[in-house]
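Novice: let's see this in three dimensions:
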Amino acid sequence: MKLFATVMVCVLFMLGFCRNQKTVIQDTSHFDHLSEFEKSVIVKKGTEAPFSGEYDNHYVAGLYHCKACMSPLFRSTDKFNSNCGWPSFDDEIEGAVTRQSDYSSGMVRTEIVCSNCGGHLGHVFEGEKFTEKKLRHCVNSVSLEFKPSID
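Specialist: Presented below is the predicted three-dimensional model:
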């Protein structure tokens with residue numbers, strides 16, 4: 001019986017029924033200008049409803065920046081339509097995004113946060129066949145600020 005209990009605890013832990021490690025954010029001044037809804041997503045690691053964000057079907061040349069600290073994160077050339085309801089990118093600007101394990105929803109996912117300020121962006125999924133890179137950064141529109149290219 002002890003072995004069964006031990007195995008069950010390990011299985012539950014592996015499935016994500018434990019507390020999610022939160023990013024420790026040192027400088028919170030990046031978040032002062034955000035609305036309460038933006039903070040609920042970017043700081044408290046929430047999500048916006050699918051198909052509700054302004055950048056879901058947005059295809060204009062430019063860069064997508066972190067809404068909190070304005071660090072550049074994604075290029076418009078890496079954006080694609082995955083029909084998932086959130087902006088999808090198959091690449092990020094090198095060093096702009098940090099990946100970390102997320103156990104918050106009863107499963108293991110890979111959360112992506114801004115490397116500069118630690119703000120929550122969304123999740124990344126590997127092995128999907130939407131693009132040649134088989135990579136989908138599923139990002140909350142509310143976590144982004146778009147800046148068009150100047151031609």
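Novice: hey, let's count contacts and neighbours off CA atoms from now on
Specialist: Noted.
Novice: how about the contacts made by the residue lying closest to V113 once chain neighbours are set aside?
Specialist: Once flanking residues are discounted, V113 sits nearest to H120: 4.5 Å by C-alpha to C-alpha, 6 or more residues apart in numbering. Counting by C-alpha atoms under 8 Å, 6 or more residues apart in numbering, H120 touches 41-45, 111-114, 143.
Novice: among these, which ones are buried?
Specialist: 41-43, 45, 111-114, 143 (16 or more other C-alpha atoms under 10 Å).
Novice: what does the residue nearest to V113 show for phi and psi?
Specialist: With angles defined as degrees, to the nearest 10, H120 sits at phi -70, psi 130.
Novice: burial of the residue lying closest to H65 once chain neighbours are set aside, as a residue count?
Specialist: The spatial neighbour of H65 that comes closest, neighbours along the chain excluded (C-alpha to C-alpha, 6+ apart), is P72 at 4.2 Å. Residues within reach of P72, counting by other C-alpha atoms under 10 Å, total 23.
Novice: returning to what we had before: so which of the contacts of H120 sit within strands?
Specialist: Taking DSSP state E as the definition of strands, the contacts of H120 contribute 111-114.
Novice: all helices of this structure, in order?
Specialist: 2-15, 36-42 (DSSP state H).
Novice: about what we covered before: out of the contacts of H120, who's nearest W86?
Specialist: S143 (11.0 Å; C-alpha to C-alpha).
Novice: re the thing from before, tell me the contacts of the residue nearest to H65?
Specialist: P72 neighbours (C-alpha under 8 Å, 6+ apart): 63-66, 93, 96.
Novice: by neighbours, which of those wins?
Specialist: Busiest of the contacts of P72 [other C-alpha under 10 Å] is C66, holding 29 neighbours.
Novice: ok, and the closest non-adjacent residue to that one?
Specialist: L144 (5.0 Å).
Novice: need the contact list for A96.
Specialist: 71-73, 114-116.
Novice: may I see the residues you listed organised as JSON lines, with pLDDT added?
Specialist: Formatted as JSON lines, these follow (pLDDT from 0 to 100):
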{"residue": "S71", "pLDDT": "97"}
{"residue": "P72", "pLDDT": "98"}
{"residue": "L73", "pLDDT": "98"}
{"residue": "C114", "pLDDT": "97"}
{"residue": "S115", "pLDDT": "97"}
{"residue": "N116", "pLDDT": "96"}
